[in-house]
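Student: pasted the sequence and its predicted model underneath.
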Amino acid sequence: MKTLVITLISLVLLAHATLAQSDKYQKAMEKNLAQFDTARTVSSLLGLMNTFERIGSVEKAQWLPYYYAGMCAMNLANKEKDKNQIDSWADKAESFASRADSLSPNNSEISCLKATIHFARINVDFMSRGPKYSALGAEALQQALKQNPNNPRAMVVLAQLKRSAPEGFGGDKAMACQLAAKAARIFEQTPTGNPINPKWGQNSAQALLKKCEEPTAQK
């Protein structure tokens, strides 16, 4: 009986410790995501990238810290004015995406992140890199939609690609508008859920829809 009581007490203490750790993680992620949503400068993105990486090093089973670190690095690649430095940021983003993928395989959000990293690499040299990395990005987006057909972020990024690419390279403005409209509906109808889950993309979907309302948008 004494052994049973000790075991029960140990289980209760372990449960409380786990809940406390989980709550600490949740609060840390919410705090930093509030900054992530408005981060625009290189210094703020770099600081957040490092913070998310530190959270990931503590919360070893969580994929979201590495996902958001990858998002920060990808945004830094897009902001980089020195074309010789873009690949270093993209490499960093890919490293974070790989770590997230190892913790959560077959994840649509991570596949979508990988697509945006491919597109960031195009900025080094549009003419020489456009065909290769557009194709790799499109492939990653198709994978993301295969993993989750209702992922609105993958739809938005694919819509942006379809709208901007020439027809000879897969561009299709009508399809872009259809994807943007579907993504917008999903954003409106999907419950918010856990606030630390990916939720970006709604503003981009609405911006695309406004362009689709222009008289020549789908021609």
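Tutor: Arrived safely. Numbering: from 1, shown residues only.
Student: stretch 144-155: end-to-end distance?
Tutor: 9 Å (C-alpha to C-alpha, to the nearest Å).
Student: may I see the buried residues of that stretch?
Tutor: Judged by neighbour count (16 or more other C-beta atoms under 10 Å), stretch 144-155 contains these buried residues: 144, 145, 147, 148, 151, 152, 153, 154, 155. (Each C-beta comes from the backbone N, C-alpha and C, glycine too.)
Student: quick one: low-confidence parts of the chain?
Tutor: The model of the chain has pLDDT under 70 over residues 1-21, 215-219.
Student: and if we set it to 50?
Tutor: Scanning the chain for pLDDT under 50 picks out 4-20, 218-219.
Student: quick one on the thing from earlier: mind putting the buried residues of stretch 144-155 in JSON lines, secondary structure and distance to residue 111 included?
Tutor: Supplementary listing: these in JSON lines, determined by DSSP: H, G, I helix; E, B strand; the rest coil; distance: C-beta to C-beta, whole Å:
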{"residue": "144", "secondary structure": "helix", "distance to residue 111": "4"}
{"residue": "145", "secondary structure": "helix", "distance to residue 111": "9"}
{"residue": "147", "secondary structure": "helix", "distance to residue 111": "6"}
{"residue": "148", "secondary structure": "coil", "distance to residue 111": "9"}
{"residue": "151", "secondary structure": "coil", "distance to residue 111": "9"}
{"residue": "152", "secondary structure": "helix", "distance to residue 111": "14"}
{"residue": "153", "secondary structure": "helix", "distance to residue 111": "10"}
{"residue": "154", "secondary structure": "helix", "distance to residue 111": "7"}
{"residue": "155", "secondary structure": "helix", "distance to residue 111": "13"}
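Student: wait, which of the residues you listed is closest to residue 50?
Tutor: Residue 50 lies nearest to residue 153 out of the buried residues of stretch 144-155, by C-beta to C-beta, at 23.9 Å.
Student: that closest one and residue 74: what is the separation?
Tutor: Residue 153 sits 13 Å away from residue 74 when distances are taken as C-beta to C-beta, to the nearest Å.
Student: kindly report the same for residue 40.
Tutor: Residue 40 sits 14 Å away from residue 74, going by C-beta to C-beta.
Student: repeat that for residue 60.
Tutor: In this view, residue 60 and residue 74 are 23 Å apart by C-beta to C-beta.
Student: comparing these two, which residue is more hemmed in?
Tutor: The neighbour comparison of residue 60 against residue 74 (other C-beta atoms under 10 Å) goes to residue 74, with 27 against 8.
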